[in-house]
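Engineer: below are the sequence and a predicted model; questions follow.
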Amino acid sequence: MRRPLLVPLIGIVLFAVTSLVIVSVQGWGPELGLDLQGGVSVVLAPAEKVEDDTIDQSVEIIRNRVDALGVSEPDISRQGDAIVVQLPGVKDQQRAIEIVGDTAELRFRSVLEVLPPPGGTTTTTAAPTTTAPDPTATTGPEGTATTGPEGTATTGPAGTATTAPAATPAESTTTTSTTIPGVTPREDDKAESEVVLPELDDEGKVLGLYRLGPTRLTGNALSTASASFNPSSGAWAVDFTLTGEGSPAFDQLATELVATPPPGNQLGIVLDGVVVSAPTIQTGTFGGQGQISGDFSEEEAKDLALVLRFGALPVELVRQSTQTVSATLGSDSLKAGIGAGIVGLLLVLLYIIVYYRALGLVVVFGLAITGALMWSIVALLGETAGLALTLAGATGLIVSIGVTVDSYIVYFERLKDEVRAGKTIRSSVDRGFTRAFRTTVAANMSSLIGAALLYWLAVGPVRGFALFLFISQVLDLVVTYFFTRPAVILLGRSRLFTESRFLGIARGLAVDPARGT
């Protein structure tokens, strides 16, 4: 009779211990939210009045970008017309802010004239020549290749290539200033207009100016983009694939440029008002694939691919405020809360042991198993899914402890009623659990439904509270059935624990020890 009870009892104990050991050996632990580990909070607002659908679309694009950055438990929410982005634990905050708010509108313009940088002289050099690459050499994705010295190249799968002066890093596009003499102001940078735009180095210094024609294509012609390393040149590049509609349009544009005298045969690739590169087009056929390469670092190439891959924001967003959040307040609050919770938990456990005797020990071990499983789940989700523990989440865990202890008390009090009705402890433990478990399931289902609705309808910290409360309630049911039930039944069948003078279950249930069997 004991074997069916020992199997689930030993099984859940081993599972809890094994899980805790695995996450400890792996060095995993709960990821902390913005209020506990610090981070950055940004409020973005559209530069002009837009429709609600446009803002909602911007929120989704920003969420995709943040997910690609690998930020744990980001909070992206809409407040009126503003978008609030909270990024906990992000290391390079400036980079994250630029990627999140960058409209990343890629425009392809024909080059009308190459101008020297303002306020200085420039050394004129012959434009890099391009030749067909070695057919045996390939770089990047299948069918793409680059040629030429330290230049930017856009190539098609047919083995053709174009080169031009070195490209500027992706993040330097945010350094555009309307104070640069001769540069078209941002408000006048219209797609249908001729413009004068700069080429910048990674420090924001103007390398040159380009007079560009109206926009011929936009980033909508791109299907996807990814960063890749070019072993032959030792540089990073951004490989892109054109859409079904964009590919013939790009080929038509390239064909026109090939037949135009220099510098009209150059294609200006403009990202948010800055010339990323201006390659010389030498073929009119790209076959749907190409590459932007040059003096990119790995991070710069990945950043550029990121903003291109997830599309342009449908509206220009203005950064209203940027706040660096310190973890001191949240950390101090968490430590104070944990300290108070430990003291309160110890007092509760002491009272339960004094009141229920040996049954109180079941509560102690049951909470330990629940804690081990919860820690393992939170650590695993933090490592694999980016789940972060916030102050609200910690509150949900603390609240769940009280609900879990209530489950034990419901069972114990049901046992007391069974024994007072004239049954022995041995016969009451199983029957009492069956009836008490129904009450526990009903109570936990109410909490589970409430937590699920909160998580679905709420935003921000409230969702964290709801999620951790939901997880803890599920664990409560699992531990109650697989640990509490067999443990209490086995103790109820042992004279040592039913009739013991100090820890006897009979004394905990306030009945005559002789009633134990």
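Structural biologist: Nice, thanks for sending it over.
Engineer: CA atoms for contacts and neighbours, from now on please.
Structural biologist: Fine.
Engineer: pretty sure Glu192 is touching Thr218, no?
Structural biologist: No. Using Cα atoms under 8 Å, Glu192 makes no contact with Thr218, being 11.7 Å away.
Engineer: pick out whichever of these two has more residues nearby.
Structural biologist: Each of Glu192 and Thr218 has its neighbours counted (other Cα atoms under 10 Å); Thr218 has more, 18 against 10.
Engineer: surely the more buried one and Leu106 touch.
Structural biologist: Yes. Contact criterion Cα under 8 Å: Thr218 and Leu106 qualify, at 5.4 Å.
Engineer: was I right about Gln266 contacting Thr283?
Structural biologist: No. Taking contacts as Cα under 8 Å, Gln266 lies outside contact range of Thr283: 11.5 Å.
Engineer: and those two? which has more neighbours close in?
Structural biologist: For Gln266 versus Thr283, neighbours defined as other Cα under 10 Å are more numerous around Gln266 (28 against 20).
Engineer: give me every residue that touches that one.
Structural biologist: Ser110, Val111, Leu257, Ala278, Pro279, Thr280, Ile281 (Cα atoms under 8 Å, 6 or more residues apart in numbering).
Engineer: which of those residues sits closest to Leu349?
Structural biologist: Lowest distance from Leu349 to the contacts of Gln266 (Cα to Cα) belongs to Ala278, with 72.0 Å.
Engineer: what bridges to the nearest residue to the closest one once chain neighbours are set aside?
Structural biologist: Excluding its sequence neighbours, the residue lying closest to Ala278 (Cα to Cα, 6 or more residues apart in numbering) is Gly268, at 4.4 Å. Going by DSSP bridges, Gly268 is paired in beta bridges with Arg109.
Engineer: distance of Gly268 from Asp201?
Structural biologist: Counting by Cα to Cα, to the nearest Å, the separation of Gly268 from Asp201 is 16 Å.
Engineer: and those two? Which one has more around it.
Structural biologist: For the pair Gly268 and Asp201, the greater number of neighbours falls to Gly268 (26 against 20), based on other Cα under 10 Å.
Engineer: next one: Val378 from Leu448, what distance?
Structural biologist: 18 Å.
Engineer: please apply the same query to Arg435.
Structural biologist: As judged by Cα to Cα, Arg435 and Leu448 stand 20 Å apart.
Engineer: quick one: name whatever helix or strand follows the longest strand anywhere in the chain.
Structural biologist: Assignment by DSSP state E gives strand 206-218 as the longest strand of the chain. Moving toward the C-terminus from strand 206-218, the next helix or strand (DSSP states H and E) is strand 222-230.
Engineer: after that following strand, which helix or strand is next?
Structural biologist: strand 235-242.
Engineer: what's the very next helix or strand once past that following strand packed up against?
Structural biologist: Sequence order places helix 246-258 as the next helix or strand after strand 235-242, per DSSP H and E. Packing contacts for helix 246-258, counted by 3 or more Cα pairs under 8 Å, 6 or more residues apart in numbering; DSSP states H and E, involve strand 206-218.
Engineer: any idea of the angle the longest strand of the chain forms with helix 246-258?
Structural biologist: Between strand 206-218 and helix 246-258, the angle comes out at 130 degrees (axes from the mean of the first three to the mean of the last three Cα atoms, to 10 degrees).
Engineer: ok, strand 206-218: who's next to it in the sheet?
Structural biologist: strand 106-115 (antiparallel), strand 195-200 (antiparallel).
Engineer: how about the longest one: buried residues?
Structural biologist: Going back to what we said before, that points to strand 106-115. Within strand 106-115, the residues that count as buried by 16 or more other Cα atoms under 10 Å are Leu106, Arg107, Phe108, Arg109, Ser110, Val111, Leu112, Val114, Leu115.
Engineer: nearest to Ala392, of those?
Structural biologist: Leu106 (40.3 Å).
Engineer: hang on, that closest one packs against Thr215?
Structural biologist: No. In this structure, Leu106 is not within contact of Thr215 by Cα under 8 Å, at 9.7 Å.
Engineer: now tabulate the buried residues of strand 106-115 in CSV and tack on pLDDT and distance to Val354.
Structural biologist: Shown next, in CSV, are the buried residues of strand 106-115 (pLDDT from 0 to 100; distance: Cα to Cα, whole Å):
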residue, pLDDT, distance to Val354
Leu106, 74, 71
Arg107, 85, 75
Phe108, 87, 78
Arg109, 91, 81
Ser110, 90, 85
Val111, 92, 86
Leu112, 92, 89
Val114, 89, 87
Leu115, 88, 87
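Engineer: just give me how far the one helix or strand Asp332 maps to sits from the chain centre.
Structural biologist: Using DSSP H and E, Asp332 maps to helix 328-356. Computed by Cα atoms, centre = their mean, to the nearest Å, the chain-centroid distance of helix 328-356 equals 31 Å.
Engineer: same for it, what does it pack against?
Structural biologist: Counting by 3+ Cα pairs under 8 Å, 6+ apart, helix 328-356 packs on helix 34-37, helix 358-384, helix 391-420, helix 505-508.
Engineer: just checking, what packs against the very next helix or strand once past the second one?
Structural biologist: Which is helix 358-384. Downstream of helix 358-384, the first helix or strand assigned by DSSP H and E is strand 388-389. Identification of packing neighbours for strand 388-389 by 3+ Cα pairs under 8 Å, 6+ apart yields strand 31-32.
Engineer: the strand it packs on: partners in the sheet, and parallel or antiparallel?
Structural biologist: In the sheet containing strand 31-32, its partner strands are strand 388-389 (parallel), by DSSP bridges.
Engineer: mean confidence (pLDDT) on the partner strand, please.
Structural biologist: Average pLDDT, strand 388-389: 76.
Engineer: tell me how far it lies from the chain's centre.
Structural biologist: Relative to its chain's centre, strand 388-389 lies at 11 Å (Cα atoms, centre = their mean).
Engineer: again, but for stretch 257-271
Structural biologist: For stretch 257-271, the distance to the chain centre is 40 Å (Cα atoms, centre = their mean).
Engineer: in the chain, which helix has the most residues?
Structural biologist: Ranked by residue count, the top helix of the chain under DSSP state H comes out as helix 425-457.
Engineer: could you give the angle of the very next helix or strand once past that helix to helix 358-384?
Structural biologist: Downstream of helix 425-457, the first helix or strand assigned by DSSP H and E is helix 461-479. Per the same axes, to 10 degrees, the angle that helix 461-479 makes with helix 358-384 is 130 degrees.
Engineer: mind giving me the packing neighbours of the helix or strand just after helix 461-479?
Structural biologist: Per DSSP H and E, the first helix or strand lying C-terminal to helix 461-479 is helix 485-492. Contact here means 3+ Cα pairs under 8 Å, 6+ apart; on that basis helix 485-492 packs against helix 3-26, helix 358-384, helix 425-457, helix 495-499.
Engineer: and those helices, which one's lowest on average pLDDT?
Structural biologist: helix 495-499 (a mean of 67).
Engineer: Val42 is in contact with Gln86, correct?
Structural biologist: Yes. Assessed by Cα under 8 Å, Gln86 is found in contact with Val42 at 6.4 Å.
Engineer: more neighbours, these two?
Structural biologist: More crowded of Gln86 and Val42, by other Cα under 10 Å: Gln86, with 28 against 19.
Engineer: name whatever forms a beta bridge with the more buried one.
Structural biologist: Applying DSSP bridges, one finds that Gln86 bridges with Ser41, Asp75.
Engineer: give me the distance between it and Leu306.
Structural biologist: 19 Å.
Engineer: swap in Gly264?
Structural biologist: Computed as Cα to Cα, the Gly264 to Leu306 distance reads 30 Å.
Engineer: what angle do helix 485-492 and the longest helix of the chain make with each other?
Structural biologist: Using the same axes, to 10 degrees, helix 425-457 lies at 160 degrees relative to helix 485-492.
Engineer: quick one: helix 425-457 to chain centroid distance?
Structural biologist: Distance of helix 425-457 from the chain centroid (Cα atoms, centre = their mean) equals 33 Å.
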